[in-house]
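Colleague: My questions are about this predicted structure, shown below with the sequence.
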Amino acid sequence: MTTPERLTGKQPMCALLVRSLTRTVFSGLSTHRSTAAAGCRSAFQQNRRSKMSYTTVERGAPNSLDYRLYIKGANGFVSPFHDIPLHANAEKTVFNMVVEVPRWSNAKMEIATKEKLNPIKQDVKKGNLRYVKNCFPHHGYIWNYGAFPQTWEDPNHRDQHTECKGDNDPIDVCEIGQRVANRGDVIQVKVLGIMALIDEGETDWKILAIDVKDPLAAQMNDIEDIKKLKPGFLEATCEWFKIYKIPDGKPENQFAFEGQAKDKAFALNIITETHEQWRNLVAKKTDSAGIACENVSVGSSPFMMTQEDAQAIVDKSAPVAPAEPINSEVDKWHHITKL
């Protein structure tokens, strides 16, 4: 049986530019050789950064403890935590987002930060797979939920705004566009704002972003645009995070800034900070806190491995199997009567 793969984008197209520049170099314009070569490299790198495609490879049985979703790039398997670039364009105004949980679904999927190659897997609590409860009027997650690659909320760093330490994960992203994404998609988004959840005493930033291909993307550039074009959405987001653990017997979650979202400029500063914390992580300049830092592309990292190593990790995972049934309890509605 072959491993199923799903295309999540377009292949980069720089071949014509390479051939054109090669002909120019060898037509006698030797004085322009260095400039042309540098221009080709720059154009290729920018095009590759913005249009690189990824596929997903499933292993194990969906809805089981051994299910894993690996991400594959043009040259082989990659870590969605360490190898996918944070920025999707040269101007650093568009970001790559790894979708862990599609909108309206309940399975609490996440990048496995402590496993080599960091596949997406379902979170486990006391030996059981985790599903978020349907807290009326919400069903499952109300956005496409995921993370920014190459970011890390350092659990040894106390944030100056929240006075709480990081949660040891990549920074979370709520994508608010109209499309329901697929698990494992790598989509390009614009940052609009940020909220600061305090989850069991840890800082858990929530980036608010929109897919650049969404019909409203051109009109949405900052937090005020969400208020204008999607009235009530910020309030619903705040409510969702406050109450989603209550059916599990947990207390209501708290927010910094009295639950108010901060603007794009504030969000970009937090992203920059968490990107730098990630750099220190993969460079082995800080305590890894149990994080698996193996990667195939970060040249300055002592954790860099070969594609053969990456392939071996996937080969050792559970073989593909049919999905296991989901307990009907997942569809139950929960009415939260006290906020």
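Modeller: It's in.

Colleague: any chance you could map the helices in the protein?
Modeller: Under the criterion DSSP state H, the chain contains helices at 15-25, 33-51, 223-229, 233-243, 264-282, 307-315.

Colleague: What residues sit buried inside the shortest one?
Modeller: In other words, helix 223-229. Applying a neighbour-count criterion of 16 or more other CB atoms under 10 Å, one finds 223, 225, 226 buried in helix 223-229. The C-beta positions use only the backbone N, C-alpha and C, and glycine is treated the same way.

Colleague: Can I get those residues in JSON lines including distance to residue 99?
Modeller: Shown next, in JSON lines, are these (distance: CB to CB, whole Å):
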{"residue": "223", "distance to residue 99": "22"}
{"residue": "225", "distance to residue 99": "22"}
{"residue": "226", "distance to residue 99": "19"}
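
Colleague: Out of those, flag the one nearest to residue 130.
Modeller: Nearest to residue 130 among the buried residues of helix 223-229 is residue 226, at 28.2 Å by CB to CB.

Colleague: Quickly note the distance from residue 284 to residue 304.
Modeller: 11 Å (CB to CB, to the nearest Å).

Colleague: Next: residue 142.
Modeller: Per CB to CB, residue 142 is found 38 Å from residue 304.

Colleague: same deal with residue 64?
Modeller: Taking CB to CB, one finds residue 64 at 31 Å from residue 304.

Colleague: neighbour count winner among the two?
Modeller: Using other CB atoms under 10 Å as the criterion, residue 64 and residue 304 rank with residue 304 on top: 17 against 14.

Colleague: Bridge partners for that one, pull those for me.
Modeller: residue 295 (DSSP bridges).

Colleague: these two touch, right, it and residue 296?
Modeller: Yes. In this structure, residue 304 is within contact of residue 296 by CB atoms under 8 Å, at 6.8 Å.

Colleague: Using PDB, write out every CA atom in stretch 191-199.
Modeller: The C-alpha trace of stretch 191-199 is given here as PDB (Å, rounded to 0.1, in the frame of the first residue of the first chain):
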ATOM      1  CA  VAL A 191      -1.700  39.100  11.000                       C
ATOM      2  CA  LEU A 192      -4.500  41.300  12.400                       C
ATOM      3  CA  GLY A 193      -4.100  41.300  16.100                       C
ATOM      4  CA  ILE A 194      -3.500  39.200  19.200                       C
ATOM      5  CA  MET A 195      -5.100  38.100  22.500                       C
ATOM      6  CA  ALA A 196      -3.200  37.000  25.600                       C
ATOM      7  CA  LEU A 197      -4.800  33.900  27.200                       C
ATOM      8  CA  ILE A 198      -3.600  32.900  30.600                       C
ATOM      9  CA  ASP A 199      -3.900  29.100  30.500                       C
END
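
Colleague: what's next to that stretch, contact-wise?
Modeller: Residues outside stretch 191-199 that contact it (CB atoms under 8 Å, 6 or more residues apart in numbering): 95, 161-162, 164, 167, 176, 203-210, 220-223, 225-226, 237-238, 241, 253-257, 259-264, 266-268, 270-271.

Colleague: gap between the residue nearest to the spatial centre of the chain and residue 205?
Modeller: With distances taken as CA atoms, centre = their mean, the residue of the chain nearest its centroid is residue 147 (2.5 Å). Distance, residue 147 to residue 205, using CB to CB: 11 Å.

Colleague: got it, and residue 299?
Modeller: Between residue 299 and residue 205 the computed distance is 28 Å (CB to CB).

Colleague: more crowded one of these two?
Modeller: Taking neighbours as other CB under 10 Å, residue 299 and residue 205 compare with residue 205 leading, 27 against 6.
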